[in-house]
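Chemist: what follows is a predicted protein model with its sequence.
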Amino acid sequence: MGPRSKDLSLLQVENNVEDDADDVIDDASEEEESESEQEDVKLMEPSKTAIYNREGLVEKLEDISWPENVDWMHKLCLDIDQEKEVDVNDDLARELAFYTQALEGTRLAFDKFQSMGLPFLRPPDYYAEMVKTDAHMQKVKGKLLAQKRQIEEAEERRKAREAKRIAKEVQAEKLKERAKQKKQEIEEVKKWRKQRQQSGFKDGKDSMPDLGFEDGKAFERSSKKRPGVSPGDRSGGKAKQGGGKGNNKNKKNREFRDSKFGFGGKKGMKKQNTAETTNDFRAFNKGGAAGNKKRKR
Amino acid sequence: MGKKRKHSETQAVEPKKKDEGAPERPKRTLMGWKDKEEVQAQTDSNSESPQVFRNKEKVMVTCSRRINYRYRHLMLNLVSLLPHCKKDNKVESRSSKGATLNELIELRGCSSALFFECRKHQDLYMWMARCPNGPSVKFLVNAVHTMEELKLTGNHLKGSRPLLTFSRNFEKDAHWKLLKEMIIQIFGTPKEHRKSKPYHDHVFVFSIVDDHIWFRNYQISVPHNESDKMVRGGLDKMTLVEVGPRFCLNPIKIFAGSFGGPTLYENPFYVSPNQIRALEKRKKAGKYAKKVKAKTRRKMHEQSNPLEPDEFADMWRE
């Protein structure tokens, strides 16, 4: 008989076989949820009617167990120490405990195998039926890749947001700077004019203000991003935009119609029904619908 | 015959030597059932050990009718993990379940069985039994995750022999020892089985936490080049990837016979899921009655402790 451990003194109850159903229900009323993952509840105190036939158990064990001197290769079983108590409800710790147990076991087994000189690991060119099909592994791979992509996209989005914010701040700074500069220059011109006024417009050239645009720098046009827009364009440059991916062969038509019919711009002399415009068929389809429309082509 | 026949003994080696003075009946090789002089003769004539232990374990895996899809997948996963098992059709019977099952096992020529019984489409009970007259255990299965879950990403050879690791508390008491022995015999693939594959690339974990047996199955992945040599320090780079399935067993009872017989062990902490559900319902049941009672209680309380007249009651003249 194995040594009795103190832990199971609670379980060491009499071998009564009295069936006491009420007892169980009373005990059951003092339950607590022990695992959250499973709807499993444990009794707080062990039920008094539990049978524990130690001799019978040991006898059965001897009956079924394999002979003593069986090679370890048949059993392949390893006993691993568990150092500390694991809380069942703490998923991470529990899984970590199982993982370390498996890792320890594998290491021990591997040492044994090496000492016996037996093959242990699968060579990379050994192809055989696996327990999960290739299609399934493809799905797993797809899911992992999708997860990775999600994370990366989230990262990128966050970075883009940050960059945008910073760029906006920088832009605001620049605008403020420019406004200040402009104001300053205007003030300077005003001052100069006052000065000249006060001194009576007498001198010609020697008190010209240092206005900065006679340094020799050419007049820089600001880097406009809208080169197609002229200052007098009331449509804001949108007249020519759009339809780049549309049908380019109708562009000429469109251009003509735009110039004739609208989008703002200078009104007045454009839309007139004159002799020239009466016979102006540039806007119409060039022989596109000639013939019977009903005849299939 | 006083002793029961072991499932394992065969004389595969040197049958000729047995004929000299050997009786007709089969030898009990490792249990010392022979006469002393025969033992001497044998050990003198053979230099190596004559007895060959062959693990001829065969497990029959079945389930009851009306089993859930999840548990059916679990059963199929186990069938693919154990190459020495035989899957059988669903078992219908309600009464005389033990007899039917025992018959089935005998019919298939198996020595153990795993029977999955699903009650009410919700609870899964697993029976682990040794056929002829061995002990049998009934478990309640929780926390089932099958191999089809995409989070379990590992894979291993189908039929390769697993390494079985047990936590140290399996040695703590008799019933755990018995369970450990049964698990080794049922879950360990026999050594030269036809369908077994040569390498060891997965490991089973059986560990007792909170009086439950937790099962995990990991794939061993090591970066290496040849089959038995390992890259220096490869042991440190060994990682385990979970293959699945996962489940947790709660032992309910251990019987001396197969699917029946006198009870050897009963789990004192076990509460059946039906009782749990009944309790929950009872907790919710008296909601209205409790409310009414609370109301009357409040009234009595107010009557017995009258409030003091409020000083500021007539401050605002209405």
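Modeler: That came through fine. Numbers count the residues shown, from 1 in each chain, chains lettered A, B, ... in the order given.
Chemist: what's the helix or strand for A:Gln147?
Modeler: Assigned by DSSP states H and E, A:Gln147 falls within helix A:134-198.
Chemist: which secondary structure elements does that helix contact?
Modeler: Helix A:134-198 sits against no helix or strand, with contacts defined as 3 or more Cβ pairs under 8 Å, 6 or more residues apart in numbering or on different chains; DSSP states H and E. (Glycine included, C-beta is placed from N, CA and C.)
Chemist: now that helix: average pLDDT?
Modeler: Mean per-residue pLDDT for helix A:134-198: 94.
Chemist: right, and the helix or strand after that helix?
Modeler: That would be, after helix A:134-198 and using DSSP H and E, helix A:251-261.
Chemist: would you mark the buried spots in stretch B:127-138?
Modeler: By neighbour count with 16 or more other Cβ atoms under 10 Å in any protein chain shown, stretch B:127-138 contains the buried residues B:Trp127, B:Met128, B:Ala129, B:Arg130, B:Cys131, B:Gly134, B:Pro135, B:Ser136, B:Val137, B:Lys138.
Chemist: turn these into JSON lines, including secondary structure, distance to A:Val70 and pLDDT.
Modeler: JSON lines is the format used below for the buried residues of stretch B:127-138 (DSSP: H, G, I helix; E, B strand; the rest coil; distance: Cβ to Cβ, whole Å; pLDDT from 0 to 100):
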{"residue": "B:Trp127", "secondary structure": "strand", "distance to A:Val70": "26", "pLDDT": "92"}
{"residue": "B:Met128", "secondary structure": "strand", "distance to A:Val70": "21", "pLDDT": "92"}
{"residue": "B:Ala129", "secondary structure": "strand", "distance to A:Val70": "22", "pLDDT": "92"}
{"residue": "B:Arg130", "secondary structure": "strand", "distance to A:Val70": "17", "pLDDT": "90"}
{"residue": "B:Cys131", "secondary structure": "coil", "distance to A:Val70": "20", "pLDDT": "84"}
{"residue": "B:Gly134", "secondary structure": "coil", "distance to A:Val70": "18", "pLDDT": "87"}
{"residue": "B:Pro135", "secondary structure": "coil", "distance to A:Val70": "20", "pLDDT": "91"}
{"residue": "B:Ser136", "secondary structure": "strand", "distance to A:Val70": "23", "pLDDT": "92"}
{"residue": "B:Val137", "secondary structure": "strand", "distance to A:Val70": "22", "pLDDT": "93"}
{"residue": "B:Lys138", "secondary structure": "strand", "distance to A:Val70": "28", "pLDDT": "93"}
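Chemist: tell me which element the residue of the stretch 51-200 of chain A found nearest chain B falls in.
Modeler: Nearest residue of the stretch 51-200 of chain A to chain B (Cβ to the nearest Cβ) works out as A:Gly105 at 3.4 Å. Per DSSP H and E: A:Gly105 is located in helix A:91-116.
Chemist: by contact count, what packs against that helix?
Modeler: strand A:77-80, strand B:163-167, strand B:202-209, strand B:212-221, strand B:239-242.
Chemist: quick one: that helix to strand B:202-209, angle?
Modeler: Angle, helix A:91-116 to strand B:202-209, by axes from the mean of the first three to the mean of the last three Cα atoms, to 10 degrees: 130 degrees.
Chemist: returning to what we had before: packed most tightly, which of the helices and strands packed on helix A:91-116 would that be?
Modeler: With neighbours defined as mean count of other Cβ atoms under 10 Å in any protein chain shown, those peak in mean count at strand B:163-167, which reaches a mean of 25.
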